[in-house]
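J.: I'd like to go over a predicted model; first the sequence, then the structure.
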Amino acid sequence: MWAAGRRWGRQQRALLWGALVAAWEVAWGQLRYSIPEEMPKGSFVGDVAKDLGLQLPALSDSGVRILDKGRTPYFALHGKTGHLVTAERIDREQLCENVHRCMLRSGVIVEDEMKVYGIEVEITDINDNAPSFREAEKELRISETTTPRSRFPLVKAHDPDSGTNSVQSYELSGDEHFSLAVQTGPGGDQRPELVLTKALDREEAAFHELVLRASDGGEPARTGTARIRVAVLDANDNAPVFSQTEYTVRVPEDVPVGSTLVTVIATDADEGLNGYVIYSFHTISVRASQIFSMNSETGEISLKDNLDFEELSSHELEVQARDGGDLSDTTKVVISVTDVNDNAPHILTQSALNEISEDAPSGTVVALMQVQDRDSGPNGEVRCSIAENLPFHLEKSFEDYYRVVTAEELDREQVSEYNVTVRAADGGSPALWSSAVLWLRVLDVNDNAPVFAEARYSARVPENNAAGALVLRVRAWDADWGQNARVRYRLGEGRVRGAPLSSYVSVEAETGALYALRSFDYEEVREVGLWVRAEDGGAPALSSNVSVRLVIVDENDNAPQVLYPPAAPLAAGAGWAGVELAPRSAEPGALVAKVVAVDADAGQNAWLSYELAKATEPGLFRVGLHSGEVRTARFPLARDAARQSLVVVVKDHGRPALSATATLTLVLAESVAELLAELGSAASAAAPGEPAGSLTRWLVLAVAAVSCLFLAFLLLLLALRLRRWRRSQLLAAGSGALRGVPASHFVGIDGVRAFLHSYSHEVSLTADSRKSQLRFSGASCCDTLPARPPPDEPAPLLGEDPAAPPVSSDNRSFSETSSFYYFCAFFLPPSASSRVVRFGYRESKLRPAARCELVALALGR
């Protein structure tokens, strides 16, 4: 009872140690199982799911599968139960010939975790093979002179099974002359020998029939037999003797077929037929018989098939030498195969990604690969590498498994896909290598904003353009891909002359085409500045802006506008009319009148030229081409009519050119009285029912009023002159530049502009400052007088206080302007003063620019 309990305690301890060892192996990623050979397909091997701690419902989703390492798959993983089962019937003798312990190695990969677990399955032997002899019938030739107790080696039986299932015993039956002896070799193998127990007599029996039976140790035991026929010969008293009891040779596995590996030598002291030795394989495996051949006469063992170190690294042969008298000797030949680097590493991709996001963090696993080399030693040591210019590197995972991981963050805009070449080289000399290519596409992330082709855009748009006309196209590119690279355009917020920008232009969302929604007028809008935004289709969307400048180009759409002479009251719309005084004593070239006109256009479209289209006396007057000044071309003659009518055509330089006409009436007279008389007669002729005395009375009253005002203005002017002279000493430095203005400054092609320019200098001197300040009037600094105020006010000029309120000629009082006219009349000839008096009552109806032009006209005379 005590002994039974003791045995039970030992069994419990053995089971406990087995469980601990299994748990330790699982923790280190190694599973071991054992099954007998010849089990049917689908037989249970082990519960992998339980041993690895995997949950059955998630087993199929985790990507758990068996790694076959490129060989025949002997095992399979049941998807529902997690059991490891056999994939086919396993024959231990076929897999592990001449191997004491047969181990099959495989592995399990869990793709979700990118982990690999090793599996070792030991295939145990069963007694499924009976012993067999290489030769079913064997003939021995023994001399009759052979002494009893002589021994003759017999062919060994071969049993592919191992352990106790291999050959365990031999039995001999058939004759009293012979018995069986079994010798144990150096490796523990049994070698049967035939022992002569009784002397032979050829005359009594020339042949003896024997049966050799070999039995294994299986349950039940299996047996194999060989028939031995002994022929009794005449005497042969010397047996062959080998020079060595064992021959050992080392050959590389790449030795060419047909090479002689070793030569065995046996000698026989007999002569003649009894001394003639013949060599043969006595004991040889089936595979060795396919590789090696024996020359029966020379004893040379040569190669008839390629050696493979990875298949079998050592071969043991037993060679027999027999003479003509049937005496023999045996020797052992051991051929060791040395490894040669004849196998390149083999790369198997067990799991790999085809796509990866460009924002994947560094260290993301891309692929799991297994690298194998069938060579051994340094020839089987494998080094794996990836090109240094790629953002990937290798990490060793388990045994011969490697993981390809990202070394840094990827950028699809730089490289959209990778061909990652994994190179594996062994340690042989020369080294052998192989490679595997992983194709990986980088998925886009919206990390790039659209970029415009130009830093800024500008276009010139002619005015009076058609609504809906294409202005320009903006173009932006996005380095991303797909929806993230789809660019849409829209206008930024803004206003033009108080109206929304969207009422002037629009942009097409898909193409970036900018269209004008209305017709532009250069006289109203000279330039339009706007922003266009490009936005991609990512989430969140990224955008960028670009500045667009539209410059409105002027066209000749405004005809010249005549400011002087003014329109005739009774003939509005029928042209222009005016009355001027021309002395009959005027010399050729004398200025008698000036036509003043403006053009609302700009540039070449506003350049004006004047031409005399019609005249009462064609050769009496001429008109300045660019100034519009009417001058005498010759001396007036007595026969010339007192009243001359001139029609002046004003043209611009546009294409096509636009024009306007002005009608001037010149009266050839020496004084204002003659002028008034001529005007009176003209008025009487025009209105015969109106009394002439009434007109004369009003003219006399006007002359008297002008004379009184002139005297008052003369006194005021003298006072101002004295005061100015006193201050000239203090302002000598500041006014020196003005006193030095040459006379040519006031006379030129455009006399009006020159006068106004100089006049604006004169009146801008301050009385309370020791430093002169220059103030330029916007209406007097233009090449031509504008018909309407410009859309954009000019910037302050030199010496102008930006905070000071602007001085407008529109706010100038009538008395100041009239007084200035009287001052001009005082210093001018009668014809010029009469024009000032005549047009003084109209000045309040004219724009400031027109009033300045009339004053300049008078002073220019």
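T.: Okay, I see it. Numbering: from 1, shown residues only.
J.: give the partner strands of whichever strand or helix holds residue 425 in its sheet and their orientations.
T.: Using DSSP states H and E, residue 425 sits in strand 417-426. Its sheet considered, strand 417-426 pairs with strand 382-386 (antiparallel), strand 433-443 (antiparallel) by DSSP bridges.
J.: what residues of it count as buried?
T.: Neighbour-count burial for strand 417-426 flags 418, 420, 422, 424-426 (criterion: 16 or more other Cβ atoms under 10 Å). No exception for glycine: its C-beta is placed from N, CA and C like everyone else's.
J.: circling back to that earlier point, reformat the strands paired with strand 417-426 into CSV and put distance to residue 63 and mean neighbour count next to each item.
T.: Formatted as CSV, the strands paired with strand 417-426 follow (distance: least, Cβ to Cβ, whole Å; neighbours: other Cβ atoms under 10 Å):
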stretch, distance to residue 63, mean neighbour count
strand 382-386, 23, 18
strand 433-443, 18, 16
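J.: same list, those strands, but as TSV with mean pLDDT and distance to residue 339 please.
T.: Converted to TSV, the strands paired with strand 417-426 look like this (pLDDT from 0 to 100; distance: least, Cβ to Cβ, whole Å):
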stretch	mean pLDDT	distance to residue 339
strand 382-386	92	15
strand 433-443	92	17
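J.: pLDDT below threshold where in this structure?
T.: The chain contains residues with pLDDT under 70 at 1-29, 57-62, 68-71, 234, 568-578, 672, 675, 678-696, 729-861.
J.: just want the most central residue of it.
T.: Among the residues of the chain, the one closest to the centroid is residue 413, at 2.0 Å (Cα atoms, centre = their mean).
J.: contacts only, for that one.
T.: Applying Cβ atoms under 8 Å, 6 or more residues apart in numbering to residue 413 gives the contacts 447-448, 479-480.
J.: repeat that with 10 Å
T.: Each residue near residue 413 by Cβ atoms under 10 Å, 6 or more residues apart in numbering is listed here: 358, 442, 444-445, 447-448, 478-481, 485.
J.: okay, these in JSON lines with distance to residue 141 next?
T.: Shown next, in JSON lines, are the contacts of residue 413 (distance: Cβ to Cβ, whole Å):
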{"residue": "358", "distance to residue 141": "86"}
{"residue": "442", "distance to residue 141": "82"}
{"residue": "444", "distance to residue 141": "89"}
{"residue": "445", "distance to residue 141": "90"}
{"residue": "447", "distance to residue 141": "94"}
{"residue": "448", "distance to residue 141": "96"}
{"residue": "478", "distance to residue 141": "98"}
{"residue": "479", "distance to residue 141": "94"}
{"residue": "480", "distance to residue 141": "94"}
{"residue": "481", "distance to residue 141": "90"}
{"residue": "485", "distance to residue 141": "95"}
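J.: for those, work out which two are farthest apart.
T.: The span of the contacts of residue 413, defined through Cβ to Cβ, is set by 442 and 478 at 16.2 Å.
J.: returning to that earlier point: can you list the strands paired with strand 417-426 in CSV and add distance to residue 224?
T.: What follows is the strands paired with strand 417-426, written out as CSV (distance: least, Cβ to Cβ, whole Å):
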stretch, distance to residue 224
strand 382-386, 45
strand 433-443, 46
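J.: residue 83 is nearest to which of those?
T.: strand 433-443 (32.2 Å).
J.: paired strands for the following helix or strand past that closest one, with orientation please.
T.: Proceeding N to C from strand 433-443, the next assigned helix or strand is strand 451-452, under DSSP H and E. Strand 451-452 pairs in its sheet with strand 476-477 (antiparallel), by DSSP bridges.
J.: distance from the partner strand to the middle of the chain?
T.: Put simply, strand 476-477 sits 13 Å off its chain's centre (Cα atoms, centre = their mean, to the nearest Å).
J.: also stretch 191-206?
T.: Counting by Cα atoms, centre = their mean, stretch 191-206 is centred 94 Å from the centre of its parent chain.
J.: buried residues in that stretch?
T.: By 16+ other Cβ under 10 Å, the buried positions in stretch 191-206 come out as 191-192, 194, 196, 200, 202.
J.: do stretch 444-464 as well
T.: By neighbour count with 16+ other Cβ under 10 Å, stretch 444-464 contains the buried residues 444-446, 448-450, 452, 457, 459, 461, 463.
J.: tabulate those (a markdown table), appending distance to residue 121.
T.: Shown next, in a markdown table, are the buried residues of stretch 444-464 (distance: Cβ to Cβ, whole Å):
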| residue | distance to residue 121 |
| --- | --- |
| 444 | 47 |
| 445 | 47 |
| 446 | 52 |
| 448 | 55 |
| 449 | 59 |
| 450 | 61 |
| 452 | 67 |
| 457 | 75 |
| 459 | 80 |
| 461 | 85 |
| 463 | 93 |
